[in-house]
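Asker: here's a sequence, model it:
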Amino acid sequence: MKNPVVDGWYADPESRVYGDTVYMYVTKSLPFDDQKNLDLVITKDLEHFEILHDILDMSTYRGAVRAIWAPTVVEKKGKYYLIFAANDIHSEEEIGGLYIGVCDRPEGPFCNVFADGRPLINAIYNNAQPIDAHLFKDDDGQVYLYYGGWRHMMVCKMKDSMDGFLPMEAPCYGGIAREITPKDYVEAPYVMKIDGVYTLMYSSGDWTNGTYCVKAASTIDPCTEYQYYGDILRAAEIADGPGHNSAFFFDGKYYTAYHRRTVGDTNSHHRKLCIDELMIKDGKLQPVKMS
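Answerer: Predicted coordinates:
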């Protein structure tokens, strides 16, 4: 394996392992008006990678026409559900938000869960832009949705049918979403469980430059605020602006998939897909050494 793992501009990888294959669902790192679908990068050995293009059936997502961003995927009862953000909405009067699709295969094509094509979330609860979704499935099968831009992170509990939300105990917004924003949060939540403790990785700084980085936090309750404990991925001599990452366990090791940029490249869309080993010590994520 060497970085970047594929040619081309990609960002926001959500990594999953199904069977003997690593799946990385990615944003096409292009100007917003040119972001019209999502790609999927797959590998069976972390050395050879294949790109599957345009994994969404966009005809099923009413009004989603640009800024197709930041996918997240979870398997539930033999089906694969994918949430993505569309249109970079800045008010509830705009069409877009977070859409949810489903497919019998992890490769797609993913079609909207809703026959009428509507989004799953269009509301802007507590000034959290509905972007950067992450689906986390707990040991008991309960799926949680974490999301949010504009420096606010929200959590919701998905229904078993994956087409809506369970009521959230107060305090919450719209009866379904609770704010649990950690220190210096900007966007891109990702949750994993380590020794029974919920561990959050999230991005801070500005995605367009070298200030972008990844922080880690933890909690014992997935619906309460995560407590920051350290930075795990920061700019270094080898690359700038590493962030919007995910994690996966493969062939006996943990890895993080993330995007980064070449030092000195000021084009905000020139982001590259990379993978590095993710070390855990005493139940906490350790700083990643970019290779």
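
Asker: quick one: the strands in the stretch 51-200 of the chain?
Answerer: All strands of the stretch 51-200 of the chain, identified by DSSP state E, counting those that start in this stretch, fall at 69-76, 79-86, 97-103, 111-112, 134-137, 143-147, 154-158, 165-166, 178-179, 187-194, 197-204.

Asker: so how far is the third one off the chain centroid?
Answerer: Taking C-alpha atoms, centre = their mean, to the nearest Å, the mean C-alpha location of strand 97-103 is offset from the chain mean by 13 Å.

Asker: identify the residues contacting that strand?
Answerer: Strand 97-103 has contacts (C-beta atoms under 8 Å, 6 or more residues apart in numbering) with 56-57, 60-61, 64, 79-87, 89, 108-114, 119-123, 130-131, 133, 147, 162-163. Bear in mind the C-beta positions are built from the backbone N, C-alpha and C, glycine included.

Asker: from those residues, list just the buried residues.
Answerer: Neighbour-count burial (16 or more other C-beta atoms under 10 Å) is assigned, among these, to 56, 60-61, 64, 80-87, 89, 108, 110-114, 119-122, 130-131, 133, 147, 162.

Asker: re earlier: turn the strands of the stretch 51-200 of the chain into a markdown table, columns for mean pLDDT and distance to residue 243.
Answerer: Converted to a markdown table, the strands of the stretch 51-200 of the chain look like this (pLDDT from 0 to 100; distance: least, C-beta to C-beta, whole Å):
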| stretch | mean pLDDT | distance to residue 243 |
| --- | --- | --- |
| strand 69-76 | 98 | 12 |
| strand 79-86 | 98 | 16 |
| strand 97-103 | 98 | 20 |
| strand 111-112 | 98 | 29 |
| strand 134-137 | 98 | 14 |
| strand 143-147 | 98 | 16 |
| strand 154-158 | 98 | 19 |
| strand 165-166 | 98 | 28 |
| strand 178-179 | 98 | 21 |
| strand 187-194 | 98 | 7 |
| strand 197-204 | 98 | 4 |
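
Asker: can you add distance to residue 14 and give the ones you listed back as JSON lines?
Answerer: What follows is these, written out as JSON lines (distance: least, C-beta to C-beta, whole Å):
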{"stretch": "strand 69-76", "distance to residue 14": "5"}
{"stretch": "strand 79-86", "distance to residue 14": "9"}
{"stretch": "strand 97-103", "distance to residue 14": "13"}
{"stretch": "strand 111-112", "distance to residue 14": "18"}
{"stretch": "strand 134-137", "distance to residue 14": "7"}
{"stretch": "strand 143-147", "distance to residue 14": "12"}
{"stretch": "strand 154-158", "distance to residue 14": "16"}
{"stretch": "strand 165-166", "distance to residue 14": "20"}
{"stretch": "strand 178-179", "distance to residue 14": "22"}
{"stretch": "strand 187-194", "distance to residue 14": "8"}
{"stretch": "strand 197-204", "distance to residue 14": "12"}
